[in-house]
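Peer 1: Quick one, structure for this:
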Amino acid sequence: MIAVIGGSGLYDFEDLDNRKEIELRSEFGEPSDNAIQGQIAGKNFVFLPRHGRHHKLNPSEINYRANIESLKRIGVNRIIAISAVGSLKEEHFPGKFLIPDQYIDKTYKRNNTYFEDGCVAHVPFGEPICARLSTSISQSMDEINIEHSNKGIYLCIEGPQFSTKAESKLYKSWGCDIVGMTNMPEAKLAREAGICYSSVSMVTDYDCWHEDHDSVTVDSIIKTMNNNKEKVRNLLLRLPEHLSQENTCKSCISNNIESVMTNQEYIDSSIIKKLRHILKN
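Peer 2: Next up is the predicted model:
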């Protein structure tokens, strides 16, 4: 099953066949919302609005752990994360798509691991994105002529405020391509859960570093997001043709069980029970 996590402006996907609403449950609290389950070209998909279907959750309020664990519970093995981002480079203009291959995480309020409370694990994260899933997305974009870049650095900030001009210029000097608020710790948790993860980032603005463009506003984001909805729809409808028949990449499973440092005999049984879906390959 493939999960699509919709960001700002994307709260449903009406093209799913045999649609049904399902309640998501998690050991880690409340997920963002119920999900919509269905099929595209015979493949099983589930859609989850990251901020809730009425956009009630700011980026720091999203229960990322509950979202990822609840998706793993229902059999999700691939996640496509869609989000709005600001551009930190001239060539990433509003309306363009980008598939990041690296992240810099500057969030600081969010629970970013499942491994705590007496169970410690250090999961490899050097290559944070599923290369095979990203390639499938890029191929689909090529076929329907969506202009995009298939790599780049996503700088994730805490928000919900946009960056100051000084911050924006600093992130630009680091060589970052885009700035957003939601792919972290989402990507980290997907890796801990052994789920393939790739992001589709839609550029809505030039943040506030660009002297020739107005600073980012909610109105400008919504306008660009609305223009991109049809592109996202066409991308998801074309994607099944390029998806691998194999379920999950060995690199994304990331031997999370082997990454647990704590001897199991010293882990409380309640923690083992809580992590049973996360550690299931």
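Peer 1: In terms of helix, strand or coil, where does residue 67 fall?
Peer 2: Secondary structure state of residue 67, per DSSP: H, G, I helix; E, B strand; the rest coil, is helix.
Peer 1: Find me the pLDDT at it, would you?
Peer 2: Per-residue pLDDT puts residue 67 at 98.
Peer 1: can you pull the contacts of it?
Peer 2: Counting by Cβ atoms under 8 Å, 6 or more residues apart in numbering, residue 67 touches 5, 24, 26, 31-32, 48, 50, 186. C-beta coordinates here come from the backbone N, C-alpha and C atoms, glycine included.
Peer 1: ok, 10 Å please
Peer 2: Residue 67 is in contact with 3, 5, 24, 26, 28-33, 35, 48, 50, 79, 186, 189-190, counting by Cβ atoms under 10 Å, 6 or more residues apart in numbering.
Peer 1: so how many other residues sit close to residue 32?
Peer 2: Using other Cβ atoms under 10 Å, residue 32 has 23 neighbouring residues.
Peer 1: list the contacts for residue 93?
Peer 2: 87, 147, 203, 205-206, 213.
Peer 1: Mind checking which of the contacts of residue 67 are buried?
Peer 2: Among these, those classed as buried by 16 or more other Cβ atoms under 10 Å are 3, 5, 24, 26, 28, 31-33, 35, 48, 50, 79, 186, 189-190.
Peer 1: Next step: the residues you listed restricted to helices.
Peer 2: Residues of the buried ones among the contacts of residue 67 located in helices (DSSP state H): 186, 189-190.
Peer 1: mind listing the strands in the stretch 51-200 of the chain by residue range?
Peer 2: In the stretch 51-200 of the chain, the segments counted as strands under DSSP state E, counting those that start in this stretch are 78-87, 97-98, 102-106, 148-149, 153-157, 178-180, 196-205.
Peer 1: could those go into TSV alongside mean pLDDT and distance to residue 253?
Peer 2: Output for the strands of the stretch 51-200 of the chain, formatted as TSV (pLDDT from 0 to 100; distance: least, Cβ to Cβ, whole Å):
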stretch	mean pLDDT	distance to residue 253
strand 78-87	94	12
strand 97-98	97	26
strand 102-106	98	19
strand 148-149	96	27
strand 153-157	98	23
strand 178-180	97	26
strand 196-205	94	9
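Peer 1: which one of the ones you listed lies closest to residue 62?
Peer 2: strand 78-87 (11.4 Å; Cβ to Cβ).
Peer 1: Test my guess that residue 100 contacts residue 203.
Peer 2: No. Between residue 100 and residue 203 there is no contact under Cβ atoms under 10 Å: 11.5 Å.
Peer 1: Wasn't residue 12 part of a helix?
Peer 2: No. Residue state for residue 12 (three-state DSSP) corresponds to coil; a helix is not indicated.
Peer 1: Which of the buried ones among the contacts of residue 67 sits closest to residue 127?
Peer 2: For the buried ones among the contacts of residue 67, the residue nearest residue 127 by Cβ to Cβ is residue 190; the value is 12.9 Å.
Peer 1: And the pLDDT at the closest one?
Peer 2: 96.
Peer 1: contacting residues around the nearest residue to it once chain neighbours are set aside?
Peer 2: Computed as Cβ to Cβ, 6 or more residues apart in numbering, the closest residue to residue 190 that is not its neighbour in sequence is residue 197, at 3.8 Å. Contacts for residue 197 (Cβ under 10 Å, 6+ apart) come out as 3, 5, 68, 78-81, 128-130, 133-134, 183, 186-191, 252.
Peer 1: let's go with 8 Å and repeat that
Peer 2: So residue 197 contacts 78-79, 81, 128-130, 133, 186-187, 190-191, 252 (Cβ under 8 Å, 6+ apart).
Peer 1: Surely residue 277 is in contact with residue 69?
Peer 2: Yes. If you go by Cβ atoms under 8 Å, residue 277 and residue 69 touch, sitting 5.8 Å apart.
Peer 1: and for these two, which residues touch both?
Peer 2: With Cβ under 8 Å, 6+ apart as the test, residue 277 and residue 69 both reach 27, 193.
Peer 1: Can you name the residues bridging to residue 200?
Peer 2: Bridge pairing for residue 200 (DSSP bridges) gives the partners residue 82.
Peer 1: Just confirm it contacts residue 79, I think it does.
Peer 2: No. The pair residue 200 and residue 79 does not pass the contact test of Cβ under 8 Å, sitting 10.9 Å apart.
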